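In: below are the sequence and a predicted model for it; my questions follow.
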Amino acid sequence: MLENSTMGLLMISNPVFECYAFYSCILILKMIMMSFLTVLQRFRKKIFISPEDTAISKGGGEVKYDDPDIERVRRAHLNDLENIPIFLITGLLLVASNPPEMIANNLFRIYTFVRIMHTIAYAVIILPQPTRAIFFIAGVVINIIMIIYVILSMHNI
Ligand SMILES: N[C@@H](CCC(=O)N[C@@H](CS)C(=O)NCC(=O)O)C(=O)O
């Protein structure tokens, strides 16, 4: 059983949890949108992942696995999958560690901003490197800061 005080931290009445929950929802919605962005590209280019999918496209289509535009969106989606779930778990651990509100909330805000910018730089307007790398690294640094805070806030290690 969680202690009462910890349960209190993981409730919307805690402003840090509220902020975490809000930005987590934004990031989850963003990831859901990546599937639709892929579908959009598939219909635009009439290129599908399985033969039966070509039947739902007016004018048919073909199965191909190396279209650069589609693969770009898929890579951006995969990169989200490599990073955002780490934030969702680490952010929750941070909330449970009762961090300073301003610091935690700004980490959540900046993380969300850099992940959205990573997608834009990778799959929407395609910005030159190292723009995307900077957004990626900023996100990784925030996850690491949160992990270090959580570890340091433990009493029994
Ligand atoms: N799985 C990634 C690990 C490194 C990474 O995430 N790099 C960032 C900054 S260059 C990125 O946007 N990689 C592109 C990608 O994952 O498709 C890769 O193979 O590149």
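Out: Yep, it's here.

In: name the single longest helix found in this protein.
Out: If you go by DSSP state H, the chain has its longest helix at helix 15-45.

In: for that helix, packing partners?
Out: Helices and strands touching helix 15-45, by 3 or more CB pairs under 8 Å, 6 or more residues apart in numbering; DSSP states H and E, are helix 68-96, helix 101-119. C-beta coordinates here come from the backbone N, C-alpha and C atoms, glycine included.

In: where does the protein dip in pLDDT?
Out: Low-confidence segments of the chain, defined by pLDDT under 70: 1-4, 156-157.

In: once you drop chain neighbours, what's closest to the residue of it most remote from its centre?
Out: Distance to the chain centre peaks in the chain at Gly59, reaching 34.8 Å (criterion: CA atoms, centre = their mean). Leaving aside its chain neighbours, Gly59 sits nearest to Lys46 (6.7 Å; criterion: CB to CB, 6 or more residues apart in numbering).

In: how about Ile110?
Out: Residue nearest to Ile110 in three dimensions, not counting chain neighbours: Ile142, with 6.2 Å by CB to CB, 6+ apart.

In: that neighbour reaches Leu107, doesn't it?
Out: Yes. When contacts are counted by CB atoms under 8 Å, Ile142 is listed as touching Leu107 (5.3 Å).

In: so between those two, which is more surrounded?
Out: For Ile142 versus Leu107, neighbours defined as other CB atoms under 10 Å are more numerous around Leu107 (24 against 21).
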